[in-house]
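S.K.: Curious how this folds, go ahead:
(one chain, ligands or ions: 1)
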Amino acid sequence: MTLAGKRILLIISGGIAAYKSLDLIRRLRERGASVRPVMTSGAQAFVTPLAVGALAADRVFTDLFSREDEQDVGHIRLARGCDLVVIAPATADLMAKMAHGLADDLASTILLATDRPVLVAPAMNPKMWSHPATQRNHAMLVGDGIRFVGPTCGEMAESGEKGEGRMAEPLQIVAAIEALLDDGPKPLSGRRAIVTSGPTHEPIDPVRFIANRSSGKQGHAIAAALAKLGADVTLVSGPVTIPDPSGLQVIHVERAQEMLDAVLAALPADIAVMVAAVADWRVADAAGNKIKKQPGEAPPLLLLTENPDILKTIGHHPQRPALVVGFAAETQNVLENGRAKLERKGADYIVANDVSPETGIMGGDRNAVKVIGKSGVAEWPEASKQDVATQLAALIASHFA
Ligand SMILES: Cc1cc2nc3c(=O)[nH]c(=O)nc-3n(C[C@H](O)[C@H](O)[C@H](O)COP(=O)(O)O)c2cc1C
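M.R.: Down below sits the predicted model:
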């Protein structure tokens, strides 16, 4: 019950993604929040107040000039009687109204009258999202302190078009709400952290690459756990299929060299946690065109060359973060290899794990790690990657206590 007792005012505006707000209401209520819905007239063309009200177990507010509600200035009561205002989906139209302070219906009037934090989940056609007017409105709203989750990239439900503009999934919105309403201790507040995550893709030619089985689950969870403790986190992610964690800056890269450049650009920092499974080698001379199979010819020989060592570079950098943590994915001699890495890379901790296929760790949801420090080794029992991340973030925080 991560949202027990929290009061969410959910504004649903008139986009096709309004059907997802029904699921969002369920997810919020499952976590103990109460949801008070407000629907624009556009929203009511997509989902009915009956369905929204039934799922929220509350009445649905739709009308600014309601004789019944406005006897005690209901829009002000709604605007203030909650812990957070969430707009999901947020149309281009409602964002424009907010940015310019218009208040011509119940939703926009509440948004002008509220003194609570506001979280916006935009949903619209990619052309509407990338339109200079929407981008201007978005920048103005960010400047006004409005928080955003999404939009994400993908296929549009209504048009089959692809691009940026899809509403964040309900669980991503829930995670953003949990992060915003989290009133737990923030021992890493004021600290900057860089986390790398996922694999790298090293091109062979424009269509083929060398990769590994890293999913990014552990690195992303660590980035989120550090942010939860108040750190200002930059996550440098290789190509993964999991969503970006909310509430932190994410930089997407493909190759090891790009990952190193992004990490160096994020310095100075207090904390570096290098979780990514960076390819040790890349193809020395990646082909500019697709390598063609020629009848009668032998397969091509790939000459490999060494990639930059990101952990070692950071561990010996003039702007070395105060705390440097590296990961060691090993299939044999986990402890010895991890210990040697601690020394060689200039790290304060090496988190070593056995990624032999039978452990199911690489790509899986659980992890069993040995945390190797200068003063000894701690073996943590097998746990979810989330729990390992929480424990590691607490260990990191203890260094700054
Ligand atoms: C089928 C259909 C789908 C629409 N989908 C979206 C959408 O996803 N996002 C958006 O910003 N507007 C969308 N619109 C346009 C809005 O409904 C329109 O701008 C409306 O005035 C928004 O009103 P509201 O912001 O008060 O809810 C759609 C319109 C139609 C007819």
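S.K.: Trp281 contacts Pro308, correct?
M.R.: No - counting by CB atoms under 8 Å, Trp281 does not reach Pro308; the two are 11.2 Å apart. Just so you know, the C-beta spots here come from the backbone N, C-alpha and C atoms, and that holds for glycine as well.
S.K.: how about the nearest residue to the residue in the stretch 301-401 of the chain that the ligand sits nearest to, chain neighbours excluded?
M.R.: Closest to the ligand within the stretch 301-401 of the chain is Gln386: 32.2 Å, counting by CB to the nearest ligand atom. Residue nearest to Gln386 in three dimensions, not counting chain neighbours: Ala221, with 5.1 Å by CB to CB, 6 or more residues apart in numbering.
S.K.: what's that neighbour sitting at in phi/psi?
M.R.: Torsion angles at Ala221 (phi, psi; degrees, to the nearest 10) stand at phi -70, psi -40.
S.K.: What count of nearby residues applies to it?
M.R.: Under the neighbour criterion other CB atoms under 10 Å, Ala221 is assigned a count of 26.
S.K.: Quick check: it vs Ser246, distance?
M.R.: 13 Å (CB to CB, to the nearest Å).
S.K.: returning to what we had before: pretty sure the residue nearest to Gln386 sits against Lys385.
M.R.: Yes - using CB under 8 Å, Ala221 makes contact with Lys385 at a distance of 4.9 Å.
S.K.: Phi and psi next, for Val371.
M.R.: Dihedral angles for Val371 - degrees, to the nearest 10 - are phi -100, psi 110.
S.K.: Return the residues in contact with it.
M.R.: Val371 is in contact with 349-352, 377-380, 392, 395, counting by CB atoms under 8 Å, 6 or more residues apart in numbering.
S.K.: will you turn those residues into a markdown table that also has neighbour count?
M.R.: What follows is the contacts of Val371, written out as a markdown table (neighbours: other CB atoms under 10 Å):
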| residue | neighbour count |
| --- | --- |
| Tyr349 | 22 |
| Ile350 | 28 |
| Val351 | 27 |
| Ala352 | 26 |
| Val377 | 14 |
| Ala378 | 14 |
| Glu379 | 11 |
| Trp380 | 17 |
| Leu392 | 23 |
| Leu395 | 17 |
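S.K.: right, and out of those, which lies closest to Ile87?
M.R.: Minimum distance to Ile87 across those is 34.4 Å, recorded for Leu392 (CB to CB).
S.K.: Skipping its backbone neighbours, what lies nearest that closest one in space?
M.R.: Per CB to CB, 6+ apart, closest to Leu392 is Ile222, 5.9 Å.
S.K.: Now do the strands in the stretch 101-250 of the chain.
M.R.: Along the stretch 101-250 of the chain, the stretches classed as strands by DSSP state E, counting those that start in this stretch are 118-122, 147-148, 152-155, 162-166, 192-197, 202-203, 209-210, 232-237, 249-252.
S.K.: and Leu9, which of the ones you listed is closest to it?
M.R.: Nearest to Leu9, of all these, is strand 118-122, at 9.3 Å by CB to CB.
S.K.: mind listing what His131 touches?
M.R.: Residues in contact with His131, defined by CB under 8 Å, 6+ apart, are Ala92.
S.K.: roughly how far apart are it and Gly15?
M.R.: Distance from His131 to Gly15, by CB to CB: 15 Å.
S.K.: Also Phe209?
M.R.: Taking CB to CB, one finds Phe209 at 37 Å from Gly15.
S.K.: Neighbour count for these two, which is higher?
M.R.: Gly15 (29 against 19).
S.K.: if we can go back for a sec, wait, a helix at the residue of the stretch 301-401 of the chain closest to the ligand?
M.R.: Yes - under DSSP: H, G, I helix; E, B strand; the rest coil, Gln386 falls within a helix.
S.K.: What's the local residue count around it?
M.R.: Neighbours around Gln386, by other CB under 10 Å: 18.
S.K.: close enough to count as contact, it and His220?
M.R.: No - using CB under 8 Å as the test, Gln386 is too far from His220 to be in contact (9.9 Å).
S.K.: I'd like to know how many residues surround the residue lying closest to Gly184 once chain neighbours are set aside.
M.R.: Nearest residue to Gly184 in three dimensions, chain neighbours excluded: Lys228, at 7.2 Å (CB to CB, 6+ apart). Around Lys228 there are 22 other residues, counting by other CB under 10 Å.
S.K.: what sits against Asp348?
M.R.: By CB under 8 Å, 6+ apart, the contact list for Asp348 reads 323-325, 373-374.
S.K.: try 7 Å this time
M.R.: Residues near Asp348 by CB atoms under 7 Å, 6 or more residues apart in numbering: 323-325, 373.
S.K.: Tell me the pLDDT of it.
M.R.: Asp348 is assigned a predicted lDDT (pLDDT) of 97.
S.K.: Return the distance of Ala262 relative to the ligand.
M.R.: Ala262 sits 32 Å away from the ligand, going by CB to the nearest ligand atom, to the nearest Å.
S.K.: check contacts around that residue.
M.R.: Applying CB under 7 Å, 6+ apart, the residues near Ala262 are 236, 251, 253.
S.K.: Could you rerun that using 10 Å?
M.R.: With contact set as CB atoms under 10 Å, 6 or more residues apart in numbering, Ala262 has these partners: 194, 196, 234-237, 251-253, 310.
S.K.: I'd like to know which of those is nearest to the ligand.
M.R.: Using CB to the nearest ligand atom, His252 comes nearest to the ligand of those, at 24.7 Å.
S.K.: What count of nearby residues applies to the residue nearest to the closest one when sequence neighbours are not counted?
M.R.: Nearest non-adjacent residue to His252, counting by CB to CB, 6+ apart: Ser237, 5.7 Å away. Ser237 has 25 neighbours, counted by other CB under 10 Å.
S.K.: what does Asp280 give?
M.R.: Look at Asp280: counted by other CB under 10 Å, it has 14 neighbours.
S.K.: My guess is Val47 contacts Met39. True?
M.R.: Yes - here Val47 reaches Met39: they are 7.9 Å apart, a contact under CB atoms under 10 Å.
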